[in-house]
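Participant: Coordinates for the following, if possible.
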Amino acid sequence: MKNIKSKPKHKKNRKSYEDLKRTISLERKLLQILLDNIPDAIYFKDDKNRIIRVNRFYAEGFKLPIEDIIGKTDFDFFPKDQAQRMFEDDTYVLKTGKPIIGKIERTLLPNGTYNCVTTTKIPIKNKKGRVIGTLGVTRDITAYDNTERTNLEMIMNSLKVLDKILETKDPYTFGHTRRVSLIAERIAKELGWEKNRILELKMSAELHDIGKILIPLEILNKPGKLSDLEYKMVQEHVQQSYNMLKPYSFPSQLPETIYQHHERLNGKGYPRGLLSDKILPEAKILAICDVLEAMISHRPYRQALGMDITLKELKENVGSKYDKDIVDVVLKMISENNNKPFWLNS
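Facilitator: Below is the predicted model:
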């Protein structure tokens, strides 16, 4: 029987190695084809936040060949402050191993315009579970953002129409709600609130007295003291406002904020006698703005009380009626404006 000669071992290993190389090369090509056909910017970064791989959509956004992007960082393509925020997000993912999902931000394009995007960043881990880089996916939602802005403009225009109706019936309430909105906006900005939350607060301020449209004008503008029954009718504007707004698709807390704007920290407000921990931060701001503007302004039933008496009311009732942090912000802004109403400058 003849011996069958087997192939040399090194030739088998070489063939296996070549097969493995071809398989890896094919998988890399397939991955790149997949990435290049996704209409989102996709990018991989190493543990130093350097770009190590991008898809075609990402490169086309900068009008650069891919090889001119690899090895660089966001600081090479974006304004410094914008790149710094991106760097901080990447570093957060690297250090914590936690993803950032669906962050909405505005980015400056090479042509000098801004677009609105949503960005997700996830950690890339090795076999031992150590984070060695990040994968980012950024989607352009500018068209959606523009639609939402158009819808928002429609809402705001509707509010202006409503303001005009209120002005026709009760010019005092109209001016009051507008000024309360300005005060609330300034306070929220000073507290560092983000813009969408500030916008919701402004809308709450614009609508907080909408229920007064159902109160007889002779009661709203009555000179002198109201009877107990009349005063109760005025108080009911809070419930009326809530009932009018609750059925519609306003931001989630807007009707509740308005419902609470006459509540006080000590539970002696109305209509529900809520204590501090049950009152929304937005309602705490609105309560102070409402009192501040009302006291300093002329009303049908009395002259303006002036800044000194108004500040005394706030200072003497900090912690019992009014939130200390908010009052401190108000006092600071009034002091910086030479003890004059800062909102009149807006």
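Participant: Counting neighbours, which bits of the longest strand anywhere in the chain end up buried?
Facilitator: Ranked by residue count under DSSP state E, the longest strand found in the chain is strand 114-125. Within strand 114-125, the residues scored as buried using 16 or more other CB atoms under 10 Å are 115-119, 121-124. In short, each C-beta sits where N, CA and C put it, glycine included.
Participant: ditto for stretch 56-75
Facilitator: Buried residues in stretch 56-75, counted by 16+ other CB under 10 Å: 56-59, 61-62, 66, 69, 73-74.
Participant: Relative to residue 46, which of those is nearest.
Facilitator: For the buried residues of stretch 56-75, the residue nearest residue 46 by CB to CB is residue 73; the value is 10.2 Å.
Participant: Look up phi and psi at that closest one.
Facilitator: Here is the backbone geometry of residue 73 (degrees, to the nearest 10): phi -120, psi 170.
Participant: Could you list which residues are in contact with it?
Facilitator: The neighbourhood of residue 73, defined by CB atoms under 8 Å, 6 or more residues apart in numbering, consists of 49-51, 83, 87.
Participant: Inside strands: which ones of those?
Facilitator: Using DSSP E, these in strands are residue 51.
Participant: Dump the contacts of residue 73 to a markdown table, plus pLDDT, neighbour count and distance to residue 18.
Facilitator: Formatted as a markdown table, these follow (pLDDT from 0 to 100; neighbours: other CB atoms under 10 Å; distance: CB to CB, whole Å):
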| residue | pLDDT | neighbour count | distance to residue 18 |
| --- | --- | --- | --- |
| 49 | 96 | 20 | 36 |
| 50 | 97 | 15 | 32 |
| 51 | 97 | 20 | 31 |
| 83 | 92 | 16 | 43 |
| 87 | 96 | 16 | 41 |
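Participant: Residue 111: which of the contacts of residue 73 is nearest?
Facilitator: Distances from residue 111 to the contacts of residue 73, taken as CB to CB, are shortest for residue 83 (17.9 Å).
Participant: From what I see, that closest one and residue 89 are in contact.
Facilitator: No. Look at residue 83 against residue 89 with CB atoms under 8 Å: they stay out of range, at 10.7 Å.
Participant: Please tell me how far the residue positioned nearest the centre of the chain sits from residue 253.
Facilitator: With distances taken as CA atoms, centre = their mean, residue 196 lies nearest the centre of the chain, 3.6 Å away. Residue 196 sits 12 Å away from residue 253, going by CB to CB, to the nearest Å.
Participant: Poorly predicted segments of the protein, please.
Facilitator: 1-15, 17, 110, 163, 167, 169, 249-251, 346 (pLDDT under 70).
Participant: and residue 140, what are its phi and psi?
Facilitator: Torsion angles at residue 140 (phi, psi; degrees, to the nearest 10) stand at phi -80, psi 120.
Participant: hang on, it packs against residue 114?
Facilitator: No. With contact defined as CB under 8 Å, residue 140 does not reach residue 114; the gap is 11.3 Å.
Participant: Assign a three-state SS to the residue lying closest to residue 114 once chain neighbours are set aside, would you?
Facilitator: Excluding the flanking residues, the one nearest residue 114 by CB to CB, 6 or more residues apart in numbering is residue 106, at 4.9 Å. Following DSSP: H, G, I helix; E, B strand; the rest coil, residue 106 is assigned to strand.
Participant: Give me the distance between residue 106 and residue 45.
Facilitator: Taking CB to CB, one finds residue 106 at 21 Å from residue 45.
Participant: what comes up buried for stretch 268-275?
Facilitator: 269, 274.
Participant: Not counting its own residues, what contacts that stretch?
Facilitator: Contacts for stretch 268-275 (CB under 8 Å, 6+ apart): 235-236, 238-239, 259-260, 262-263, 265-267, 287, 321.
Participant: how does it look with 10 Å?
Facilitator: 232, 235-236, 238-239, 242, 259-267, 278-280, 283, 287, 320-321 (CB atoms under 10 Å, 6 or more residues apart in numbering).
Participant: Verify the contact between residue 189 and residue 198 for me.
Facilitator: Yes. Counting by CB atoms under 10 Å, residue 189 does reach residue 198; the two are 6.5 Å apart.
Participant: which residue packs closest to residue 282, ignoring adjacent ones?
Facilitator: Residue 282 sits nearest to residue 257 (CB to CB, 6+ apart), 4.2 Å away.
Participant: Assign a three-state SS to the one you found, would you?
Facilitator: Going by three-state DSSP: residue 257 is helix.
Participant: Compute the number of surrounding residues for it.
Facilitator: Neighbours of residue 257 under the rule other CB atoms under 10 Å: 29.
Participant: Could you do residue 98 as well?
Facilitator: For residue 98, the tally of surrounding residues (other CB under 10 Å) stands at 12.
Participant: switch to numbering from 20
Facilitator: Fine by me, first position is 20 from now on; the one you just mentioned is residue 117.
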